[in-house]
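>>> Here you go, sequence then predicted model.
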Amino acid sequence: MSISVESTKSKILVTIKGEGSYMLQRALYDKGAKWLSLTSNGFVDTTEQLAEFLFLQEGDFVDSFDLKDGIYEYRIVSSLIQNPTDTDYEYSEYVKFGTPSAIGYTFGNYSVPEGSWGSVVTPDDCRFTYLWGTDFKATNGQFFDDAQIQFFINEATRYMERMLNISIIKTRIKSQAEDRNLVKGVDYDEEESLYDFSPRKIQRYGMIQTKHRPIINVEKLELINRTGDKQDLLTSTVIDRKKGVLKFLSRPYKQSDTTIGINTALGRYGNETLRNHLFYAIDYSAGYENSDSVPSDLRQIIAKVAAISLLNIIGDGLMSGFSSSSLSMDGISESFSSTQSATSAYFGARIAVYQKEVETYIKDNKYRFGFLPIGAL
């Protein structure tokens, strides 16, 4: 099942996809706001008054019940589920109705939507703070809407993940997910192969550096061999969440630990197996729990990366291919020159400042979330 919403001047269109019947609920983005259920009397709080639920089928529903200016969120749940919990619902994106006030972290009034990871910055943050004073209406009258701004915010978030070699958006990682018949998007977000076992590394360091960081939690950490035998290491492992390091308190047995020489060949995994056929299977979640948890300095840089992309496009929309003009009539002349040219964007000065700040941040924080790579000859 899925739900999508779209706002008009006087109504909100709710589109439901999926077989069966569904209960629809609506909440106004406001502190202390409650989920109201669709009934024969409109949207009401069914925990405070009795009302008959209206169940919807697949298709469109037009909501015009007591709407006021603000931000709304909708959710649906199958009518077959008795006493549903929050995780049983499918949630819509936020939708603006009327002329609500700006919502964002820079305004101190944004919190993560229920059932969502959230957004590091909001379209209103970009529009009214990082692009303050910029007109989002092109010369042909076309507006740059919030969905387009959100696209660049998402891309800026992914860009900073690559530049800092970290995960920002929460990612559920499973080892050998396809072999375990797990469903992507439902059971996991990304699949990883097994981590190689190295006796030399274990004896020297006793740790694993995960491929993603920071770590939110680790669900499984097992040492396995080719015969399928497993050793659970999670209960005796310390997790450095910020740097993505798993440190062992109890290490696997060494061959030299056996009491008699012949036991070396018959030891825990055998000489051949110990060196070449041991692996670690790790299931964990990386990134930040939600957008509220992202450090404020990282949030600001992501906003500036998004702003750079937006300024490039919006500048062309406001004054595409225009450098200068002049007009003369009856001895009166008027001329106008912009900063735009074949090699310079209309907002080139602000773009240059933002780019320098982003480059400096990446340089100064490249190894803040991990290790400084050092090699030796």
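Arrived safely. Numbers count the residues shown, from 1 in each chain.

>>> which residues does Asp189 contact?
By Cβ atoms under 8 Å, 6 or more residues apart in numbering, the contact set of Asp189 is Thr171, Arg172, Ile173. The C-beta positions use only the backbone N, C-alpha and C, and glycine is treated the same way.

>>> one more time with 10 Å, if that's ok
Contacts here follow Cβ atoms under 10 Å, 6 or more residues apart in numbering; on that basis Asp189 touches Ser167, Ile169, Lys170, Thr171, Arg172, Ile173, Lys174, Ala177, Ser285, Ala286, Gly287.

>>> Burial check on Leu28, number of neighbours?
When neighbours are counted by other Cβ atoms under 10 Å, Leu28 registers 18.

>>> Test my guess that it contacts Asp45.
No: if you go by Cβ atoms under 10 Å, Leu28 and Asp45 don't touch, sitting 11.9 Å apart.

>>> Now for those two: what residues contact both?
Lys34, Trp35, Leu36.

>>> Out of the contacts of Asp189, give me the one that has the most neighbours.
Using other Cβ under 10 Å as the neighbour test, the contacts of Asp189 are led by Ala286, with 25 neighbours.

>>> Excluding covalently adjacent residues, which one is nearest to that residue?
The shortest distance from Ala286 to any non-neighbouring residue, by Cβ to Cβ, 6 or more residues apart in numbering, is to His212 (3.6 Å).

>>> wait, isn't that neighbour in contact with Ser167?
Yes: counting by Cβ under 10 Å, Ser167 is a contact partner of His212 at 4.7 Å.

>>> so what sits against both of the two?
Counting by Cβ under 10 Å, 6+ apart, the residues touching both His212 and Ser167 are Glu161, Ile173, Glu190, Gly244, Ser285, Ala286, Gly287.

>>> These in helices, which ones?
Glu161 (DSSP state H).

>>> wait, which of the shared contacts of His212 and Ser167 is closest to Lys201?
Nearest to Lys201 out of the shared contacts of His212 and Ser167 is Gly244 (Cβ to Cβ; 15.8 Å).

>>> Where do the helices of the stretch 201-350 of the chain begin and end?
271-276, 296-318, 348-365 (DSSP state H, counting those that start in this stretch).

>>> Return the set of buried residues in the strand or helix carrying Ala156.
Ala156 is part of helix 146-164, with elements assigned from DSSP states H and E. For helix 146-164, the neighbour count (16 or more other Cβ atoms under 10 Å) marks Asp146, Ile149, Gln150, Phe152, Ile153, Ala156, Thr157, Tyr159, Met160, Glu161, Met163, Leu164 as buried.

>>> repeat for stretch 232-244
For stretch 232-244, burial by neighbour count (16+ other Cβ under 10 Å) applies to Leu233, Thr237, Ile239, Lys243, Gly244.

>>> can I get the contacts of Asp189 in a markdown table with pLDDT and distance to Leu223?
Listed next are the contacts of Asp189 as a markdown table, based on pLDDT from 0 to 100; distance: Cβ to Cβ, whole Å:
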| residue | pLDDT | distance to Leu223 |
| --- | --- | --- |
| Ser167 | 95 | 24 |
| Ile169 | 96 | 30 |
| Lys170 | 96 | 27 |
| Thr171 | 96 | 24 |
| Arg172 | 96 | 22 |
| Ile173 | 97 | 18 |
| Lys174 | 96 | 17 |
| Ala177 | 92 | 19 |
| Ser285 | 97 | 21 |
| Ala286 | 96 | 21 |
| Gly287 | 96 | 26 |
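
>>> Can you name the two of those that sit furthest apart?
Ile169 and Ala177 (18.1 Å).

>>> low pLDDT regions in this protein?
Along the chain, segments meeting pLDDT under 70 span 31-32, 137-142, 203-204, 251-276, 315-347, 370-377.
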